[in-house]
Each structure stands twice: as structure tokens, then as C-alpha cells.
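Peer 1: could you work out the structure for the sequence below:
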Amino acid sequence: MLAQLLRDNPVVITGRGALTAAGAGVEALWAAVQAGRSLAVAWHNPCHPDCAPSAVCRVSPLPPTPPAARKLDRSAKLGFAAALEAWHDARLPEVSPPPHRRGVITASSRGTVEIWEKAFASLQKGLAPPSLIAATTMAHLSGALSLHLQLQGPMLAVSATCASSATAMALAAQQLLTGAAEVMLVGGMEAPLHPVVLQGFDTAGLLAHHPDPTQACRPFDRQRNGTALGEGAGFLVLETLASAQRRGARIYGRLAGWALGAEAYDRAGMDPAGHSLARLMEEALAVAGISTNAVDYINLHGTGTPLNDASEAQAIQRVFGPPDQQPPSSSTKPVFGHCMGAGAALEAIICLEAQRRQLLPRAVNCPQPDPQCPLALAQTPHPPRPLRTTLNLSAGFWGAQAAMVLQAAP
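Peer 2: Numbering: from 1, shown residues only. Now for the predicted structure:
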């Protein structure tokens, strides 16, 4: 049914916005990806001062914050900037479509970590600012954006760990396909560089360690030992093709298919055989109505953790076969960090840019590919064939997974 709905009423992308350690804007993000160098800096764990530093990717400085976001937490301020860029990039006039036909869905893995810390600090001082009631909700950003942009259609916030913004994009597309809205602003934001989150990841052995933080996150490399968390936000404007054509919108690409699932294997690790992720890839391709041969590039989840990278590679091999039969692939997380709930939206933007520019995002920090990760990693920015269809993969805690198929503009 979903495949038929998408064929009858294609969902297209008409706006994009990004804020990462690379800076503000899609151009800055793409330039950093093409430069192929990590933007990570060192984080020294105060509980383990003798250990090698971990790598993190910070956004600095924050762009100016509109009044609507000033009382919200750092993640919301990141998201607000990226969302406004996407909205303006889509060139949406204020009266078309009407407010009740425009909606917003935001996504995050960790939520309002910073604002809760401030809330507890205020309570300890005997203070309880009224603004904290709204600011501590999961829907703090979607609510603030709906007020600021007068979006009176569907408004919600979702969390599916590191597959959060992929899930949000699928839900937004469903709103369009069912006629609940004509335009949806959708994306994710994350500000995980908080002592609680960093300490938790480090204690779990998930943070990468290296004397040079720019070399720490090494997806699919023999020497990989963890990931680099990053701050960031990515947003897109989705609308039906009919809506985009009515208003003469610029179309960057099409959300051609997707599949969401829960692996139900482990709370942190992936199934070593990659069964669930392989199934989702097959489902997403079936929804898009294409074969594996039509995929020109895969943006891998590729966090740099030893077991999960190997699991993802096994899933790729299950679907596409050995490396000589696979499309080129790479992970872009070493460049701007693992932005968790924002990651899928940012990677979708990278896939769209790769298609638009006909350039491959290269594999970064992988001088010695691990033979336990049999992948056709992209070692050059130029594709061996035209880039028209890309596949974006996400996987997170509690087994949340997603596969999204993006195609060039119809």
C-alpha cells in the first residue's frame, strides 16, 4: 500500500538546513564532507584523567537565537537555526499553503538534557521559573517552531534513539500521503556534549580514544575503538510533488521509500549477522520499487564501534553481495561527529547533495579497512556511475533501525 501511495503522490524535498561543527548551512556541511577531515576536538574525562582524550565535535559559535528560542535548551537552539534555514530555503510564502496545512515534526535521542539540569539547579535554590514547564517537554522545539512559523497542522516530537530523525521523516511523509498536511518541516537536533551523556558513553566503552582527536573515529578501520559524539541539527521540508509543482518550488530530490524497525536483539549492540538491518533495506527498496542494482551510494551508519560496524557490514553483504557487487559506501560521522537523533536528517542532506553534485562522500579515517567489514568503501569523490539513488542507514540503542531511499529530483 505504501509503495502505491508513493507512486501516486510522490514525496519530495524542497528545503534543507544544517548546523554542525562544520558551521551553519548546508554549504558548510558539504564542504567539510568533501574535505574529508574530522572536525573533532579533545574531551578529557575528569573521572579518568590519565586516559587518552575522547573526540567530540562542537558547534561554535551558536548562531543568533530568535526570541522564540531563547528560553529553550542548547539542542533546541541548534534545531531552530537549521529549521529556519530549511524553511527559508523552501521559499514558502506565508499564505500558501494555509497554516492548517503546514506541520512540523522534530526528533531527538537525548532530549532536553541541559534544560533539566537547569531545572534541578533552580529547584535547589527554591526557584521554579514558569518557563521551565514548557521548556522541559519533548515537544519544546516542535512547539516553538509551530508558534514562530504559524504551523497549525500536525505538530509532534519523536524519539527512536539514533534513528530518530529517520523516523520523523517517515512520519512526516505519512502526514502528506494521508492528506493531513501539504507541507511538513521535519528534522532532528542533538546537544549530547553534556557530562552525563559523555560519561555514560565513555563508561560503556563507546567513545573513541586517540592522542589526535581528528583520528579517533575510524569507521570500518582495523584500529577503530569507538565513536565521536557531535552536536548538530538537520532539517528538511517535505511536501507532495503536486504541492511543490503548484507553487513552483525547487525540488532537491524525492523520498522514494523507507522502512522502520526494532531489532529486538540487545539494548546497545546489533545482531552480529545483520538480519534485521538487511530486512529493512530490502523493505525500503521494495517500497521504492527498485532493485539493489539501482542503488548508487550507501551512507552507512558507521559509528566506529568495533562490533556494530562489523554487524552493519554483514547486513550490507546479505543484501548486496560481496564488495565487488556492492555500490560505493562511506560513513560521514568522522567529519562532524555522531549527532545521534539528528544524524539521519544530516546524512539525508548529504545524500541529496551527493546526487545534486554527482560526487561521492569519501570514507574518512579508514587507511586500513577491516577485512571483517567487507564493504566497497568510497576512496574517491567521483562516482563510477551517475548518482541517482542513495540509501541511508540508521541504527541505535534498543535496536531502533531505519533505511531510507532518496532519489534525484523527478
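
Peer 1: quick one: the strands in the protein?
Peer 2: Assigned strands in the chain, in chain order: 11-20, 23-24, 41-43, 54-57, 102-107, 155-158, 183-190, 229-230, 232-240, 253-262, 297-299, 329-330, 389-395, 400-407 (criterion: DSSP state E).

Peer 1: how far is the second one from where the chain is centred?
Peer 2: The reference is to strand 23-24. Relative to the mean C-alpha coordinate of its chain, strand 23-24 is positioned 16 Å out (CA atoms, centre = their mean, to the nearest Å).

Peer 1: distance from the centroid: which residue in the chain tops it?
Peer 2: Centroid-distance maximum for the chain: Gly126 at 38.6 Å, with CA atoms, centre = their mean.

Peer 1: what's near enough to touch that residue?
Peer 2: Gly126 makes no contacts at all, as judged by CB atoms under 8 Å, 6 or more residues apart in numbering. Where you see a C-beta, it was placed from the backbone N, CA and C, and this is true even at glycine.

Peer 1: coming back round to it: and the strands of the chain as TSV, adding mean neighbour count and mean pLDDT?
Peer 2: As requested, those are exported to TSV (neighbours: other CB atoms under 10 Å; pLDDT from 0 to 100):
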stretch	mean neighbour count	mean pLDDT
strand 11-20	27	98
strand 23-24	18	96
strand 41-43	17	91
strand 54-57	27	91
strand 102-107	30	97
strand 155-158	20	96
strand 183-190	32	97
strand 229-230	32	96
strand 232-240	31	97
strand 253-262	22	96
strand 297-299	26	98
strand 329-330	28	97
strand 389-395	28	97
strand 400-407	27	97
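
Peer 1: could I get these as TSV with distance to Ala166?
Peer 2: Listed next are the strands of the chain as TSV, based on distance: least, CB to CB, whole Å:
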stretch	distance to Ala166
strand 11-20	14
strand 23-24	23
strand 41-43	27
strand 54-57	20
strand 102-107	8
strand 155-158	10
strand 183-190	9
strand 229-230	17
strand 232-240	11
strand 253-262	7
strand 297-299	11
strand 329-330	17
strand 389-395	5
strand 400-407	4
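
Peer 1: contacting residues for Gly341?
Peer 2: Contacts for Gly341 (CB under 8 Å, 6+ apart) come out as Ala107, Ser108, Ser109, Arg110, Ser159, Thr161, Cys162, Ser164, Ser165, Gly188, Met189, Glu190.

Peer 1: ok, now with 7 Å
Peer 2: Ala107, Ser108, Ser109, Ser159, Cys162, Ser164, Ser165, Gly188, Met189, Glu190 (CB atoms under 7 Å, 6 or more residues apart in numbering).

Peer 1: now swap in Trp43 and tell me
Peer 2: By CB under 7 Å, 6+ apart, the contact set of Trp43 is Pro53, Ser54, Val56, Leu198.

Peer 1: for the last one, which non-adjacent residue is spatially closest?
Peer 2: Spelled out, that is Leu198. Trp43 (6.3 Å; CB to CB, 6 or more residues apart in numbering).

Peer 1: pLDDT wise, what is Ala172 at?
Peer 2: Here the pLDDT value assigned to Ala172 is 98.

Peer 1: next one: the one 10 residues further on
Peer 2: As predicted, Glu182 sits at a pLDDT of 95.

Peer 1: is it in contact with Glu239, as I believe?
Peer 2: Yes. Glu182 is within contact range of Glu239, at 6.0 Å (criterion: CB atoms under 7 Å).

Peer 1: just grab the bridge partners of the residue nearest to Leu198 for me.
Peer 2: Bridge pairing for Trp43 (DSSP bridges) gives the partners Ser54.
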